[in-house]
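Visitor: What would the 3D arrangement of this be:
(one chain, ligands or ions: 3)
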Amino acid sequence: MSKVVTLQEFIMEKQADFPFASGELSRLLYDIVFASKVVSRDVRKAGLVDHILGAQGNTNVQGEEQQKLDVVADEQFIHVFKNGAEVCGIASEENDDCVIFDDEKGRNGKYVVLFDPLDGSSNIDVNVSIGTIFSIYRRKSEVGTVAVEEDFLQPGHEQVAAGYVLYGSSTMLVYTTGRGVNGFTLDPSIGEFCLSHPNMKMPEIGRIYAMNEGNIHICNPGIKKYVEYCQSDENQTGKPYSGRYIGSLVADFHRNLIKGGIYIYPATTNDPNGKLRLMYECNPLAFIAEQAGGLASTGFERILSVQPEKLHQRVPYFVGSKLMVEKALSLLEKE
Ligand SMILES: O=P(O)(O)OC[C@H]1O[C@](O)(COP(=O)(O)O)[C@@H](O)[C@@H]1O
Ligand SMILES: [Mg+2]
Ligand SMILES: [Mg+2]
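Guide: Numbers count the residues shown, from 1 in each chain. Ligands and ions are numbered 1, 2, ... in the order given. Down below sits the predicted model:
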């Protein structure tokens with residue numbers, strides 16, 4: 001039987017790759033692992049506990065109705081970041097502004113974390129896979145001072161680590177620190193994430209396209225052309241692709257990472273910047289996609305090069321297998 005490598009061991013091993021590492025990023029990743037286990041527990045018994053399913057009754061800064069599990073997950077992650085000593089502030093989908101930790105521990109934190117505590121909220125009550133997405137940057141402001149907004153508004157290529165947790169048929173955590181992508185599956189019987197998907201590579205081409213086709217008539221005509229191309233046998237594989245849209249970005253992305261495929265959430269006449277948020281949905285998954293050999297674009301710009309202006313800004317999103325994203329972009333009409 002091959003040796004089981006736990007995520008804890010893996011993080012420690014990889015820390016050795018960074019000669020000057022002081023262990024803070026490793027400890028921050030441990031905090032994320034801990035919070036993921038707690039949220040996974042809550043997700044798995046959501047139907048049994050009355051305070052977890054359904055709407056919270058508030059509207060978040062996105063104008064979306066908050067689900068109870070959005071808030072439960074948000075509070076759980078903020079709790080571990082605040083109690084750790086590595087983070088000087090966070091930003092999340094469920095908080096209007098950055099949450100700055102201005103106590104002594106917080107001021108000495110080296111990192112900021114931006115996260116989507118619960119991705120795929122529309123699928124919570126119907127027991128379809130959902131997730132958490134996180135993005136980590138080294139602060140720009142001086143350690144020992146109170147963090148500022150500039151610490152958060154950094155382009156995606158500055159990320160030091162990024163990843164997601166998928167609460168699906170099993171709970172998985174997939175992350176990168178810029179040296180490849182690795183996936184770990186939670187073994188509930190021992191409460192450990194174990195290495196199950198080492199050195200993940202996104203196939204250059206797949207046969208799956210994922211898009212909410214309800215938007216097909218209100219977006220760039222090139223996207224309609226691309227979907228028709230996917231549905232024809234004139235595409236790169238000679239057979240029509242399959243349409244698969246889970247409606248949880250993390251789950252659609254994870255499937256494409258393993259099998260090859262493309263996910264598109266374009267700009268539409270209703271949402272000229274698309275729906276997905278640059279800082280805690282698009283950037284972290286773009287980092288993983290590129291580290292696994294895939295591509296991520298707004299349609300006209302590499303996602304990781306976009307200079308952020310606002311915490312909750314949205315961008316059009318094309319992410320997935322290299323040859324499929326290149327083809328989709330080639331059909332876009334100039335705006
Ligand atoms: O319902 P739509 O418009 O297709 O949007 C679905 C997309 O919106 C999201 O649910 C947005 O994320 P949140 O659930 O975190 O708000 C994505 O996970 C998903 O891909
Ligand atoms: Mg989301
Ligand atoms: Mg969310």
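
Visitor: Residue of this structure nearest ligand 2, please.
Guide: D119 (3.5 Å; CB to the ion). To be clear about C-beta, it is placed using only N, CA and C from the backbone, and glycine gets the same treatment.

Visitor: what residues does the stretch 51-200 of the chain put near ligand 1?
Guide: Within the stretch 51-200 of the chain, the residues that sit near ligand 1 (CB under 6 Å from any ligand atom) are E93, D116, D119, G120, S121, S122.

Visitor: and the fifth one, how far is that from S242?
Guide: Pointing back at S121 there. When distance is defined by CB to CB, to the nearest Å, S121 is 25 Å away from S242.

Visitor: Kindly report the same for the first one.
Guide: Using CB to CB, one gets 30 Å for the distance from E93 to S242.

Visitor: can you tell me which residues contact the nearest residue in space to L29 that is not next to it in sequence?
Guide: Distances taken as CB to CB, 6 or more residues apart in numbering place I11 nearest to L29, at 5.3 Å, with adjacent residues excluded. Going by CB atoms under 8 Å, 6 or more residues apart in numbering, I11 touches S26, L29, Y30.

Visitor: Tell me the one of those residues nearest S248?
Guide: Distances from S248 to the contacts of I11, taken as CB to CB, are shortest for L29 (23.0 Å).

Visitor: Is the helix or strand that that closest one is a member of in proximity to ligand 3?
Guide: Taking DSSP states H and E as the definition, L29 sits inside helix 24-44. No - shown here: helix 24-44 not in contact with ligand 3 (CB under 5 Å from the ion), separated by at least 12.1 Å.

Visitor: what's the helix or strand for the residue nearest in space to the middle of the chain?
Guide: Centroid check for the chain by CA atoms, centre = their mean gives I133 as the closest residue, at 3.5 Å. Assessed by DSSP H and E, I133 sits inside strand 130-138.

Visitor: model confidence over that strand, on average?
Guide: Summarised as a single mean, pLDDT over strand 130-138 is 98.

Visitor: Centre of the chain to whichever helix or strand comes after that strand, how far?
Guide: Using DSSP H and E, the next helix or strand after strand 130-138 towards the C-terminus is strand 161-167. In terms of CA atoms, centre = their mean, to the nearest Å, the centre of strand 161-167 is found 6 Å from the chain centre.

Visitor: ok, now stretch 36-52?
Guide: Distance, stretch centre to chain centre, for stretch 36-52: 20 Å (CA atoms, centre = their mean).

Visitor: Export the strand or helix carrying the residue nearest to L29 to CSV, keeping only CA atoms.
Guide: Element membership for I11, per DSSP H and E: helix 7-15. Extracted C-alpha coordinates of helix 7-15, given in CSV (Å, rounded to 0.1, in the frame of the first residue of the first chain):
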residue,chain,number,x,y,z
LEU,A,7,-2.0,17.9,3.4
GLN,A,8,-0.2,18.9,6.7
GLU,A,9,2.8,16.9,5.7
PHE,A,10,2.7,18.1,2.1
ILE,A,11,2.6,21.8,3.2
MET,A,12,5.6,21.2,5.5
GLU,A,13,7.5,19.4,2.8
LYS,A,14,6.8,22.1,0.2
GLN,A,15,7.9,24.8,2.7
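
Visitor: tell me the mean pLDDT for that helix?
Guide: Averaging pLDDT along helix 7-15 gives 91.

Visitor: cool, and stretch 309-327?
Guide: 98.

Visitor: and that stretch, how far apart are its ends?
Guide: Stretch 309-327 stretches 29 Å from its first residue to its last (CA to CA, to the nearest Å).

Visitor: ok, now stretch 257-274?
Guide: Stretch 257-274: ends 22 Å apart by CA to CA.

Visitor: in it, what counts as buried?
Guide: Across stretch 257-274, burial judged by 16 or more other CB atoms under 10 Å covers 257-258, 260-268, 271, 274.

Visitor: Same question for stretch 43-60.
Guide: Buried residues in stretch 43-60, counting neighbours by 16+ other CB under 10 Å, are found at V43, A46, I52, Q56, N60.

Visitor: isn't the first one right next to D70, touching?
Guide: No - with contacts defined as CB atoms under 8 Å, V43 does not count as touching D70, sitting 11.7 Å away.

Visitor: Report the beta-bridge partners for F115.
Guide: S92, F134 (DSSP bridges).

Visitor: can you list the residues of the stretch 1-150 of the chain near ligand 2?
Guide: So far as CB under 5 Å from the ion goes, the stretch 1-150 of the chain lies against ligand 2 at D116, D119.
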